[in-house]
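Q: how would this look folded up:
(chains A and B)
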Amino acid sequence: MTRAEATPVAPDRAGTGAGRDRYLDLLRSLALVRVVVYHLFGWPWLTVLFPSMGVMFALAGSLLARSLDSPSRSAPSVIRARLRRLLPPLWLFGAVLLTMMLTAGWNPLKDPDLGGGWTNCSQLLYYVLPIGAPPYPEHLGSASGLLDDTWAEQAAGPLWYLRAYLWFVLLSPFLLRAFRKWPLPTTLAPLALTAVVGTGLVGIPGETGNAVTDFAVYGGCWILGFAHHEGVLARVPRYAAVSLSCLVMGLGLWWASGHQGPDGWDLNDIPPAQACWSFGAVLILLQYAPSWRELPGGLRRWDGLITLSNNRAVTIYLWHNMLIMATVPIIDLAYDLPFMASDRAAGLLDSTYGFWMFVLVWPLIAAMVTAFGWVEDAAAGRRPRLWPNGSRRGRARRRAL
Amino acid sequence: MAARTRRRANAMAARTRRRANAADASRRRRLPMRLTLPVLLLAALMAMLMLRGYVHSEILADHRIRPEAASDRVPEKILDGGPVIDTRGGRTTSLRVPDRHVVLTFDDGPDPAWTPKVLDVLKKHHAHAVFFVTGTMTSRYPQLVRRMVAEGHEVGVHTFNHPDLSYQSKKRVDWELSQTQLAITGAAGIRTSLFRPPYSSSADAMDDLSWPVTEYIGSRGYITVVNDRDSEDWRKPGVGRIVRNATPGAGKGAIVLMHDSGGDRHQTVQALDRLLPRLQQQGYTFDNLTEALNAPSAHTPVAGPGLWAGRAWVLLVQAADGVTGVLVVGLAVIGASVLARFALMLWLSVVHARRVRGRRFCWGRPVTEPVSVLVPAYNEAKCIENTVRSLTASEHPVEVVVIDDGSTDGTARIVENLDLPGVRVVRQENAGKPAALNRGLANARHDIVVMMDGDTVFEPATVRELVQPFGDPAVGAVAGNAKVGNRDSLIGAWQHIEYVMGFNLDRRMYDVLRCMPTIPGAVGAFRRTALERVGGMSDDTLAEDTDITMALHRDGWRVVYAERARAWTEAPESVSQLWSQRYRWSYGTMQAIWKHRGAMLDRGPSGRFGRVGLPLVSLFMVVAPLLAPLIDAFLLYGIVFGPTQRTIGAWLGVLAVQAACAAYAFHLDRERMTHLVSLPLQQLLYRQLMYVVLLQSWITALTGGRLRWQKLRRTGVVGAAPGAAGERQAA
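A: Residues are numbered from 1 along each chain as shown, chains lettered A, B, ... in the order given. Okay, here's the model as predicted:
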């Protein structure tokens, strides 16, 4: 009823207008913080508390739909622009990571996990264009070394996100066309695909399989981003949207309860549950999107951090896991401090280790943002900035008073 | 540094709080109280449930058993040695029971059925034994442990809830020991130094995984006691077999393993009764362990704080057991009454619908004379025009009286400026809705009076349908069918479901039972003579509509439901508005029930209402919802600890019943079923809100608190009765 009444050209809540939608910015910041905390502590319930990756893909989908909507730009130029913004930060990260791994003794030619030989070494090209997730050794160095011997895996682990993002960007012109023609089937298609490839019904081997599974799992969120941008979500009666999302989320939880992975309820190990839970949560979050021009009262004090984390999202995402690893040798220095000699002090540090990692990782991230964040500006063709938290000098001075 | 950050955060929070308080002190101060008590009650209930689950091994139970492992790291002398293993203070020694001594040991108890019988047999043959009790059973049946100690038996620790200790951390082992000691102390006022690990057998069965645990337990000051002879009574192999298994070889001493818990133990009891005299004849004595070893007793009396902690623990467990026992019965009663209510409602609404929809049904002569419509309005500027215009479109001749109750937003002027024929405005100083209605009544010219809210919109046929029942001279008042206009929001959809069910099931049932508790303020009609006989509206309660309806019942009038008299109303859009509306309703209903409690002792129609209507209404509207949180508490407990699948299954079953009832109600009202999709969520969020409100009303009622008038903020969403409804009616 509501749907039929609405005009096809509905006023666009998210897209138009010069300013950013601060609600979406807030969601992106929350997602980033959640990812860092999850990678730090590894608590499985965090994946249930806030489905970060789904939210990030939904926001990206919404932004991409906005770009594709612009009448002055063709789809290929939009894709080119997206790649130009995405790839330089990755190249920088890849250069640093590859240098570290090669100096640590990784020989991609002889790595048995890659299959060895030149053909498989072509996978290294994924560091240039991540059509697949870039390769890394599972163990490097020794367990007793400065870093844990899985550091390469830890550092390169988050790169799958770039691969998935790239797939979505490349396919978006088609997805958006399909969505406009058949909104409901297109929105539900990724969930259906997950039911096929994510449940073990059909297994696709290798990196292609991972790519297809990730595409299916987060495709629903990406298309919900489209729906948000197009104003379609706003036309669905709220009771129906929320009730149905809760049913989908319930379905996800039910599936998860019967198919727990090595970490129990960690949804990252349970694709169908992740797909359902993320889809439902994103639908609710976007259904209630208030479209803020600026943050409301209580949140305003976080304005600078939210702006900063949004401007440096790629940098933070790429580097955070390596920086989490880097906190370990730094904290270990504390054991050598004179007042740490007693067993009790050492035991106290042992038991609060995670907390100190958490405390230390943020300054490291801040340092990385100032060191390498400018690449994002350069890639976007902007004037490089050191600390883009949106505050101008004048405002900063006023606040200082 | 962390501490400093926290302190600064606290200071900041305090500052924010102060500012908020200054802004709206009265509202803020009210908030905690209305939440604290219900939350505290629920928390106490959950704690009780968890304590009970904990001593019933539903929480933290671990049923894994380690398969046998290599034993190359267990000292030879332990493997070849006796069943009493002493690893205290770095020792590695083991002892055997001397010849012609048998130490009977009973594991897993105490059990309320079998332990007393075992104790009786032992007493009869003047024998002592050792009972390795679990903490859970000791906590539940402390008096049996007290009896064991009093009758000269020894008590040992068999862990708290019987896990295989080789799987457990040191922390958990420590906890198992100390928690069991706490229970034993609470039961019998002693500590014990005897220990038997679960799933143990003889000393030569020690392996590389259980030996370190034994060593660790020794370091905590315990002597580990395994056995020489396993009676295997848990297999229930027959009395003769148990006796043979338990009998030591030719005059040798032995520690014999038996069980006084974990199932039917009548074979054990009978075997004891045969074994004891037979071995005693052979010169055996049955001592407890330290007597047999000629060592100082394993028991040490406990006094002071330790004793009190133990007693408090046992008392708490007893209380939790008792309370939850009562609760389980309560839950069964609620469950049964909920289902019975659904059945009754379905049955009676079918009866009602058949009756009033029958082809030859009529109330009496058609009512065609003009009626007065009273519209009390207080700051209804946004809605009043729609309301009045909908009335002037009425198919039935009406006189409209808008009573402006001292509005400050120009409500009266808006109506006057409309300058509609047959619409009058009466102004009064703000005096409340009952006074406004009485004033309207005084100004009304006709004998039938329709009352509605200033935010409600009628269909053209509403008034006509509403007054038709007055063709029956016994009918004193008629309730219409209020419908939620703003139903596309979540909270709107929930209220929509609630309204449709309330009007199509509850009101039909009350109509048939002749005890309709409320004529909704949004749409109702009264016979003027009836109103005058009961003295008009009263402001004794916050729910003047319930009050007047009950008064009419007591005066002998029939109150009926007119399903086709639809009125479209705007439901609260925010939780806080909904909260205050429902608080007013539920507290008002309680006030009205209390006000009319005297009807129970009356004669005639008043007495009938008092003895049938009032109890029904109290049960369904005031008492049953009070117990509803139990369902959720048990649901939560069942999902987290209990049989999760079955709990969710049961919940889904109840949901299905509710969905079926709701679907029938929607069918009766010819509503689209789509809104039912929010029914599961309604059951998970909305119902709880409703009972917390009711709980708050109870607290207010019991503490004698007062309630201010709270008015709904209107947005004017409901502009006109949807065309669809009119079409449906025409069809």
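Q: tell me the SS of the closest residue to residue B:539 other than its chain neighbours?
A: Excluding the flanking residues, the one nearest residue B:539 by C-beta to C-beta, 6 or more residues apart in numbering or on different chains is residue B:434, at 4.2 Å. All C-beta spots, glycine's among them, are computed from the backbone N, C-alpha and C. With DSSP: H, G, I helix; E, B strand; the rest coil as the basis, the three-state label of residue B:434 is helix.
Q: Same check on residue B:451?
A: strand.
Q: Check which helix or strand the closest residue to chain B within chain A maps to.
A: Taking C-beta to the nearest C-beta, chain B has its nearest neighbour within chain A at residue A:239, 3.4 Å off. Using DSSP states H and E, residue A:239 falls within helix A:238-258.
Q: Check which helices and strands that helix sits against.
A: With contacts taken as 3 or more C-beta pairs under 8 Å, 6 or more residues apart in numbering or on different chains; DSSP states H and E, helix A:238-258 sits against helix A:271-287, helix B:490-501, helix B:679-681.
Q: Let's see that helix as CSV, backbone CA atoms only.
A: Backbone C-alpha positions of helix A:238-258 (Å, rounded to 0.1, in the frame of the first residue of the first chain) are rendered in CSV as follows:
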residue,chain,number,x,y,z
ARG,A,238,9.0,0.3,9.5
TYR,A,239,7.1,-2.4,11.3
ALA,A,240,7.6,-4.8,8.4
ALA,A,241,11.2,-3.9,7.9
VAL,A,242,12.1,-4.4,11.6
SER,A,243,10.0,-7.5,12.1
LEU,A,244,11.4,-9.2,9.0
SER,A,245,15.0,-8.3,9.9
CYS,A,246,14.5,-9.8,13.3
LEU,A,247,13.2,-12.9,11.7
VAL,A,248,16.2,-13.1,9.4
MET,A,249,18.6,-12.4,12.3
GLY,A,250,16.8,-15.1,14.3
LEU,A,251,17.3,-17.5,11.4
GLY,A,252,21.0,-16.6,11.4
LEU,A,253,21.4,-17.2,15.2
TRP,A,254,19.5,-20.5,14.8
TRP,A,255,21.9,-21.6,12.1
ALA,A,256,24.9,-20.5,14.1
SER,A,257,23.7,-22.4,17.2
GLY,A,258,23.9,-25.7,15.2
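Q: average model confidence for it?
A: The pLDDT scores in helix A:238-258 average 93.
Q: Okay, angle between it and helix B:490-501 too, please.
A: 100 degrees (axes from the mean of the first three to the mean of the last three C-alpha atoms, to 10 degrees).
Q: Could you list the buried residues of helix A:238-258?
A: The neighbour-count check on helix A:238-258 (16 or more other C-beta atoms under 10 Å in any protein chain shown) flags A:238-253, A:255-256 as buried.
Q: What is the neighbour count of the closest residue to chain A within the stretch 101-250 of chain B?
A: The stretch 101-250 of chain B approaches chain A most closely through residue B:171 (12.5 Å), counting by C-beta to the nearest C-beta. Residue B:171: 8 surrounding residues under other C-beta atoms under 10 Å in any protein chain shown.
Q: Same check on residue B:296?
A: Neighbours around residue B:296, by other C-beta under 10 Å: 9.
Q: quick revisit: next, the contact list for the residue nearest to residue B:539, please.
A: B:537-539, B:544 (C-beta atoms under 8 Å, 6 or more residues apart in numbering or on different chains).
Q: Report the buried members of the residues you listed.
A: The neighbour count (16+ other C-beta under 10 Å) marks B:537-538, B:544 as buried among the contacts of residue B:434.
Q: Could I get these in a markdown table, plus columns for secondary structure?
A: Listed next are these as a markdown table, based on three-state DSSP:
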| residue | secondary structure |
| --- | --- |
| B:537 | coil |
| B:538 | coil |
| B:544 | helix |
